[in-house]
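Chemist: Sequence plus the predicted model coming up.
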Number of protein chains: 2
Amino acid sequence: MRRRAITSRDVAERAGVSQASVSRAFTPGATLSPALRERIKKAAEELDYIPNSIASSLTRARTNTIALIIGDTDNPFYIHVLRAFLAALQARGQQALTFTVAPGATSDDAIRQVLRFRVDGIILTAAQVSTRVVSLCEDRGIPIILFNRYIPGADLPVVRCDNFGGGRLMAQALIAAGARSFALIKGDPMGTTSQDRAKGFFAGLAEAGLAAAAVTALEGGSTYNGALEAFSRAYGADDALPDAVFAVNDIMAMAAIDRFRHQLGRRVPEDVMVAGFDNLPEGARLPYRLTTLDQPVGKMVAETLALLDQRRSGEATERLVPSRLIWRDTVPGLAPAAAIPPPAPARSQS
Amino acid sequence: MRRRAITSRDVAERAGVSQASVSRAFTPGATLSPALRERIKKAAEELDYIPNSIASSLTRARTNTIALIIGDTDNPFYIHVLRAFLAALQARGQQALTFTVAPGATSDDAIRQVLRFRVDGIILTAAQVSTRVVSLCEDRGIPIILFNRYIPGADLPVVRCDNFGGGRLMAQALIAAGARSFALIKGDPMGTTSQDRAKGFFAGLAEAGLAAAAVTALEGGSTYNGALEAFSRAYGADDALPDAVFAVNDIMAMAAIDRFRHQLGRRVPEDVMVAGFDNLPEGARLPYRLTTLDQPVGKMVAETLALLDQRRSGEATERLVPSRLIWRDTVPGLAPAAAIPPPAPARSQS
DNA sequence: CTGAAAGCGCTTACAG
DNA sequence: CTGAAAGCGCTTACAG
């Protein structure tokens, strides 16, 4: 039943040429007379020949495969990032070896796996790595690029949003909207993204002369449920609410809105303003109409792949992409709702 | 800079053994004296040796890699499915080569790619294939398993939810809740999933003596935005609403609720009942509290991997998994809200 | 238990 | 332009 696979040698025999010529017929750019090429293609077609790229990977020492390691699949933002990478990689004709890593866990195991496969590059999203494993990659000349995260010790190329700048911008915006007391809900304590957004937010407040005492800090673990619990513990039925809540990502901002509206019967933005960060398509929908900061996923993905192409794994590079304020309805009064561009989805409409 | 990779030969030299013994030291189950094994492991460690699985794939004719082809990343359900597969595959020590396919497009190109890579199996989710490509897989002994879809022509193993039964069940439930006029919104016109749910729904109505005339059928393309547009066209501010809406998936049910509540100012369920299918975690949240049918993703994924292990690619097998009614707040009166189990997330809380 | 050798299916200098 | 041959880094009969 499971017959031996058809190889280039079988095709060669049928076409009456050498095996090397068959290989050339399937190698773009190889020199081969049109006559031979045609004869070979015909024989290959008749035999349903499909070249074995495992074998070609072995000789060329390139697999045409990129590893995608994603550390926070609970945050829809990284799902959109994953979709964008998968689409972009496919468009480039590259394969994607996808790994997910439990939050908090290190991606060392995944990377060791990936190293066996001799991938052409590694993209690391919202996940941790040890410097030990980073140097294993460097020794092998396999570029590893950080997406929206940096690692203080290691000197890796990174593409990230200006998280600090975004946090600062949002502080200014909320102050302009009249807020003077705040809650800030943070995400992954190990993640530089959450930390930088929080730092930027505090910096923005400080510049306006508002003390850190005006801020209640909460931990939401970057998930909807984590944030819902944090808000439930922090704000009961009779508690006074802050003027504004800044969630370091949209999914936690959505949890804030749900807590206030559906469990406490408060109004957003009249009783409490809420703002997020990411510009998820989900946050743009009618139950939320969330004011947020846009992370340009498409642009960040393109920058990442461009860095990968340069593959100077030695030189550290940083591509900082700015975020942009998106005014919707959960913070009052600064921009007409109609003027707000919808988020640009990764590939199609969500 | 990029030095030659360390191979088993280097390790052999350092340990003073043959290259074959090094290979055995890294092959579970191979016979090798403990003394040698230890000496080899030590040398390997010192050299940072990582076995090349491209080479081993070539000799063993197994890559330990499964292709995941997913055709509808706009529907969050399939994102949850993808996450579940990635987690399960990793737990089994297998790699996942992930492809997305644009809705409506065929996965033939992706499968041809994958065939070059000599994957150990292909899982096809919400995507089309041609019978031509199916037979290419069969010829090569590569099992291909359909997840939540079947292909009338081809005789492929499939794991799917009892979509017909679920649609029928929901018809009965809505009738029991008092509904007599209905809107039904369908998804991908090419997808058997959407079709079967709709058929089951009509069957359930017919059994209760309700004519198909009591149903307004809409096309939502399985997306939030597609469904929102369909409802916007079908129901304006002054239009009478049906007693109940059955959306063939949750994401379209969420669009229905948003349209009615936020754009038309109607109440759900008082003015119109809404039910979905999938039991998305998103639909369980406070703004929706959606009544729906649960698809047991974890179980379906486990069944799929079990089928893959059998890899009798000739025999067609069908694993039908039942769905279960989840009563929440968008259909009144049949079960206490507190008694409803939350959806079981793929890996952790969403 | 261990080693020498053949082989997996390609690519790519090297000749001609 | 084309072919014969070596080689990529493993695994696995086959001897000993």
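Modeler: Nice, I can see it.
Chemist: ok, now which ones touch the residue in the stretch 101-250 of chain A that DNA strand C sits nearest to?
Modeler: Using CB to the nearest atom of the strand, the point where the stretch 101-250 of chain A gets nearest to DNA strand C is A:R118, with a distance of 13.0 Å. Backbone N, C-alpha and C define where each C-beta goes, glycine included. Shown in contact with A:R118 (CB atoms under 8 Å, 6 or more residues apart in numbering or on different chains): A:57, A:61, A:63, A:140, A:142, B:52-54.
Chemist: Of those, keep whichever come out buried.
Modeler: Burial by neighbour count, judged by 16 or more other CB atoms under 10 Å in any protein chain shown, picks out A:57, A:63, A:140, A:142, B:52-54 from the contacts of A:R118.
Chemist: Tell me the one of the residues you listed nearest B:F85?
Modeler: Of all the buried ones among the contacts of A:R118, the one with the least separation from B:F85 (CB to CB) is B:S53, at 20.6 Å.
Chemist: Check that closest one and give its pLDDT.
Modeler: Here, the pLDDT recorded for B:S53 equals 95.
Chemist: how many other residues sit next to the residue nearest to it when sequence neighbours are not counted?
Modeler: Counting by CB to CB, 6 or more residues apart in numbering or on different chains, the nearest residue to B:S53 once its immediate chain neighbours are dropped is A:R116, at 4.2 Å. Other residues lying near A:R116 total 17 when counted by other CB atoms under 10 Å in any protein chain shown.
Chemist: residues touching A:R116, list them.
Modeler: Taking CB under 8 Å, 6+ apart, we find A:R116 in contact with B:50-53.
Chemist: and DNA strand D, which of those residues reach it?
Modeler: Restricting those to those near DNA strand D by CB under 7 Å from any atom of the strand leaves B:51-52.
Chemist: Now the two most distant members of the contacts of A:R116.
Modeler: For the contacts of A:R116, the maximum inter-member distance is 9.0 Å, found between B:I50 and B:S53 (CB to CB).
Chemist: could you measure A:Y49 against DNA strand D, distance?
Modeler: Shown here: A:Y49 relative to DNA strand D, a distance of 16 Å by CB to the nearest atom of the strand, to the nearest Å.
Chemist: Which strand or helix spans that residue?
Modeler: No secondary structure element spans A:Y49, as it lies outside all helices and strands (assigned by DSSP states H and E).
Chemist: Look at it and report its pLDDT.
Modeler: Reading off the per-residue confidence, A:Y49 sits at a pLDDT of 96.
Chemist: In which helix or strand does A:L205 reside?
Modeler: In this assignment (DSSP H and E), A:L205 forms part of helix A:192-207.
Chemist: what's in contact with that helix?
Modeler: Under the criterion CB under 8 Å, 6+ apart, residues A:126, A:148-150, A:160-161, A:163-172, A:175, A:182, A:184, A:186-189, A:211-212, A:214-215, A:217, A:222, A:246, A:248-249, A:277 lie in contact with helix A:192-207.
Chemist: now, which of those residues lie close to DNA strand C?
Modeler: Among the contacts of helix A:192-207, none lies close to DNA strand C by the criterion of CB under 7 Å from any atom of the strand.
Chemist: Can you list which of those are found in helices?
Modeler: Of the positions in the contacts of helix A:192-207, A:163-172, A:175 sit in helices, assigned by DSSP state H.
Chemist: Drop anything exposed from those.
Modeler: Applying 16+ other CB under 10 Å to the ones in helices among the contacts of helix A:192-207, the neighbour count classes A:163-171, A:175 as buried.
Chemist: Look at A:L68 and tell me its secondary structure.
Modeler: Counting by DSSP: H, G, I helix; E, B strand; the rest coil, the backbone at A:L68 sits in strand.
Chemist: who's it bridged to?
Modeler: Note on A:L68: beta-bridge partners by DSSP bridges are A:T98, A:I123.
Chemist: ok now do the closest residue to A:R261 other than its chain neighbours, which residues does it touch?
Modeler: Using CB to CB, 6+ apart and skipping the chain neighbours, the partner closest in space to A:R261 is A:V268 (6.0 Å). The contact partners of A:V268, by CB under 8 Å, 6+ apart, come to A:257, A:260-261, A:274, A:330.
Chemist: can you tell me how far A:V268 sits from DNA strand D?
Modeler: Note on A:V268: its distance to DNA strand D, by CB to the nearest atom of the strand, is 59 Å.
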